[in-house]
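**Student:** no sequence for this one, just the structure:
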């Protein structure tokens, strides 16, 4: 499965729920998708320049990191956390972040998770 296949899957999920994706903001690593996405999906792919960051994505990454750090700080063992527990902790932090609607989101009442999963 390629990155383009994953992008198409995400686009289909949003389209099935009645949302249209107009622009995909990504890092410079996704620059090859720019030409492909314009041709096949009719979507504007906006990769950032070198040494430039997408502010919205960076902020969400910081939020998830802080949630993971906070949950690790409540655990009884500090030095050797099992790898499977660390993975699950990260998944849980992302799931909980997507469980509540953001103030600047596409819906005031639906969370990002609810928008996709219904």
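**Tutor:** Ah, there it is. Just so it is clear, the structure is predicted and the values come from calculations on it, not from any experiment.
**Student:** any weak-confidence spans in the chain?
**Tutor:** Applying pLDDT under 70 to the chain picks out residues 34-41, 78.
**Student:** Okay, strands next: where are they in it?
**Tutor:** 23-26, 44-47 (DSSP state E).
**Student:** So which residues make contact with the top helix by length along the chain?
**Tutor:** The single longest helix within the chain, with elements called by DSSP state H, is helix 55-73. Helix 55-73 has contacts (Cβ atoms under 8 Å, 6 or more residues apart in numbering) with 25, 78, 81, 89-90, 92-94, 96-97. The way it works is simple: take the backbone N, C-alpha and C, and place the C-beta from them, glycine included.
**Student:** Quick one: the strands of the chain as TSV, columns for mean neighbour count too.
**Tutor:** Listed next are the strands of the chain as TSV, based on neighbours: other Cβ atoms under 10 Å:
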stretch	mean neighbour count
strand 23-26	15
strand 44-47	16
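**Student:** Residue 74 is nearest to which of those?
**Tutor:** Of all the strands of the chain, the one in closest proximity to residue 74, counting by Cβ to Cβ, is strand 23-26 (33.5 Å).
**Student:** How about residues contacting that closest one?
**Tutor:** 7, 30, 33, 37, 43-48, 54, 56-57.
**Student:** That one: partners in the sheet, and parallel or antiparallel?
**Tutor:** strand 44-47 (parallel) (DSSP bridges).
**Student:** now the strand it pairs with, how far from the chain's geometric center?
**Tutor:** 16 Å (Cα atoms, centre = their mean, to the nearest Å).
**Student:** if I pick residue 87, what's in contact with it?
**Tutor:** Counting by Cβ under 8 Å, 6+ apart, residue 87 has no contacts.
**Student:** mind checking how far it is from residue 114?
**Tutor:** Remark: distance between residue 87 and residue 114 (Cβ to Cβ, to the nearest Å) = 24 Å.
**Student:** Likewise for residue 77?
**Tutor:** Taken as Cβ to Cβ, the span from residue 77 to residue 114 is 35 Å.
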